[in-house]
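Participant: What follows is a predicted structure for the sequence shown.
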Amino acid sequence: MTNYDQEMEVAIFAAKQAGAFLKEHFHDSKKVDEATQNDIKLELDKTSQSLITKCILDRFPAHSVLGEEGYSGERNSEYEWIVDPIDGTVNYYYSIPWFCVSIALRHRGEVVLGVIYDPMMDECWHVIRGQKPYMNDREMHCSQRTKMAEAIVFVGHGKTDGSKEKGIERFAKIAWQVRKVRNNGSAALALAYIACGRFDAYVESIISIWDIAAGALLVEAAGGKVSLEPKPENPEQFAIVAWNGLIPIQEALAEN
């Protein structure tokens with residue numbers, strides 16, 4: 001297998017550079033570039049992605065960068081970085097300290113490394129495919145909980161394409177089965193929390209590749225499981241069920 005140590009070094013550096021920038025501006029008045037009832041896009045989203053893109057392409061000019069805020073670099077490259085410059089933008093806008101930077105590398109169609117950085121907690125989750133996953137310098141593993149009654153489950157949903165209705169239905173379906181249900185506004189952090197044993201599962205009916213690419217790899221490397229169902233109308237959007245590999249989340253979500 002290819003050694004991705006240099007790419008990992010750049011990914012961690014880029015995530016921490018962007019994270020430091022976002023933390024510096026966390027309490028500032030933030031300029032909204034685009035706002036809908038469902039979402040907010042900030043000027044800082046674009047600035048964060050530009051910082052990350054520069055870090056990557058300065059070191060690997062033949063690579064490409066697919067981000068929530070657009071595409072850069074060589075589109076035909078075998079190396080495609082997948083970036084969410086602020087996962088949890090609405091939280092960040094309202095100065096709620098639950099957001100992160102997510103960076104993954106896809107080589108020939110396979111995600112081979114992932115980094116998620118929470119600048120407010122200074123926690124950095126990272127993994128290279130085939131190797132052990134870490135939070136900062138500590139090796140991590142999914143929880144060993146097996147019972148739904150002990151589980152913390154993240155149920156995400158948007159407000160369009162039926163995802164709100166599906167999310168509310170799922171929330172109602174499993175809320176009584178688990179210890180707590182959460183919806184904290186960052187898919188990447190939810191996956192990182194599964195990988196290090198804080199959460200036990202995450203489900204959402206529509207989510208984009210930049211939200212989950214790094215986190216899905218972390219969960220699998222930490223002993224968990226991830227089920228992705230691509231959306232026919234957009235191959236970079238998915239329905240996702242991720243869990244510690246032990247609780248019967250799929251059975252709990254199954255139709256009666």
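Facilitator: Sure thing, it's come through. Residues are numbered from 1 along each chain as shown.
Participant: Under the pLDDT cut-off, which ranges of the stretch 101-250 of the chain? List them.
Facilitator: Applying pLDDT under 70 to the stretch 101-250 of the chain flags residues 158-167, 171.
Participant: can you rerun that using 90?
Facilitator: Scanning the stretch 101-250 of the chain for pLDDT under 90 picks out 155-177, 183-184, 205-206, 231-235, 250.
Participant: would you list every one of the strands in it?
Facilitator: Under the criterion DSSP state E, counting those that start in this stretch, the stretch 101-250 of the chain contains strands at 110-118, 123-128, 134-135, 138-139, 152-155, 180-182, 201-208, 225-231, 234-243.
Participant: ok, the residue nearest the centre of the chain - contacts?
Facilitator: In the chain, the centroid-proximal residue (C-alpha atoms, centre = their mean) is Ala188; its distance is 2.1 Å. By C-beta atoms under 8 Å, 6 or more residues apart in numbering, the contact list for Ala188 reads 84, 87-88, 100, 102, 116, 211-212, 214-215. Heads up, the C-betas are built off the backbone N, CA and C, glycines and all.
Participant: Out of those, grab the one that's most surrounded.
Facilitator: Ala214 (34 neighbours; other C-beta atoms under 10 Å).
Participant: can you pull the contacts of it?
Facilitator: Listed by C-beta under 8 Å, 6+ apart, the contact set of Ala214 reads 82, 102-104, 111, 113-116, 125, 188, 191.
Participant: what would these look like in CSV with distance to Asn244?
Facilitator: Listed next are the contacts of Ala214 as CSV, based on distance: C-beta to C-beta, whole Å:
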residue, distance to Asn244
Ile82, 24
Ser102, 20
Ile103, 24
Ala104, 21
Val111, 20
Leu113, 22
Gly114, 17
Val115, 21
Ile116, 17
Trp125, 15
Ala188, 17
Leu191, 11
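Participant: Give the helix, strand or coil label for Ile52.
Facilitator: Following DSSP: H, G, I helix; E, B strand; the rest coil, Ile52 is assigned to helix.
Participant: ok, and the closest non-adjacent residue to it?
Facilitator: Spatial nearest neighbour of Ile52, excluding adjacent residues (C-beta to C-beta, 6 or more residues apart in numbering): Ala14 at 4.6 Å.
Participant: What is the neighbour count of the one you found?
Facilitator: The burial count for Ala14: 27, using other C-beta under 10 Å.
Participant: again, but for Tyr4
Facilitator: A count of nearby residues for Tyr4, using other C-beta under 10 Å, gives 19.
Participant: Looks like it contacts Val112 (just checking).
Facilitator: Yes. Counting by C-beta atoms under 8 Å, Tyr4 does reach Val112; the two are 5.7 Å apart.
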